[in-house]
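Enquirer: Could you work out the structure for the sequence below:
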Amino acid sequence: MNRFILTFMFLLVALFTLEMLMPVQTHVIVPFTEILARISMALVLPFDDSVIAYGKVLQFTDTGFAVSIEAGCNGVEATIVLIAAVVAFPAPWKARIAAIALGFGAVQSLNIVRIISLFYLGDWNADIFEFVHKFVWPTLIMLDVLVVFILYLRYLNGSPAGDGNAHAA
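Expert: Take a look at the predicted model:
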């Protein structure tokens, strides 16, 4: 357990440091965040043609309301926590890579729902937007990370998720 905690903490520091480097921000994080804005727009557009995306901004053309997807809101930090936990836990690399890929998909899928919901909430009610943005969605995103990691541990233990049987890890 101590080895897991030390490795997890080391990886968190290393990955967060790497994320903050300007070349990584410029060439990876910002373009990725811009893709999130375009995906969000593409998902909303069939239902609402008053939405545009430019850079990392999603905006209503009729009301002018916009949200900018900033650091901490692009799911990168949550994904870093998941990667650190998965890599720190002893397992075959094939299972680790699969968990990271599936976990990334789970985190980013929920994050797209988060972005779209906040976009509409913000246009509707600023107070509710602030509460949901600061408290509800960060909790749900990290809960998503925890659920993915628990499912990964259950997979490694050979126990089908949801069978109700607890096994020692």
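
Enquirer: which residues sit in contact with the closest residue to Leu110 other than its chain neighbours?
Expert: In this structure, Leu110 finds its nearest non-sequential neighbour in Asp144, 5.0 Å apart by CB to CB, 6 or more residues apart in numbering. Yep, even glycine has a C-beta here, placed from its N, CA and C like the rest. With contacts defined as CB atoms under 8 Å, 6 or more residues apart in numbering, Asp144 is in contact with Ala78, Ala106, Val107, Leu110.

Enquirer: let's see it at 7 Å
Expert: Ala106, Val107, Leu110 (CB atoms under 7 Å, 6 or more residues apart in numbering).

Enquirer: same question, Leu36
Expert: Ile69, Asn74, Ile112, Ile115.

Enquirer: I'd like to know which of the residues you listed is nearest to Ile39.
Expert: Closest approach to Ile39 among those (CB to CB): Ile112, at 6.0 Å.

Enquirer: Near the closest one, how many residues? Count them for me, please.
Expert: 16 (other CB atoms under 10 Å).

Enquirer: and of the contacts of Leu36, the nearest to Glu19?
Expert: Asn74 (10.4 Å).

Enquirer: Let me know the helix or strand that the closest residue to the closest one other than its chain neighbours is in.
Expert: Excluding its sequence neighbours, the residue lying closest to Asn74 (CB to CB, 6+ apart) is Thr33, at 4.5 Å. Taking DSSP states H and E as the definition, one finds Thr33 inside helix 30-44.
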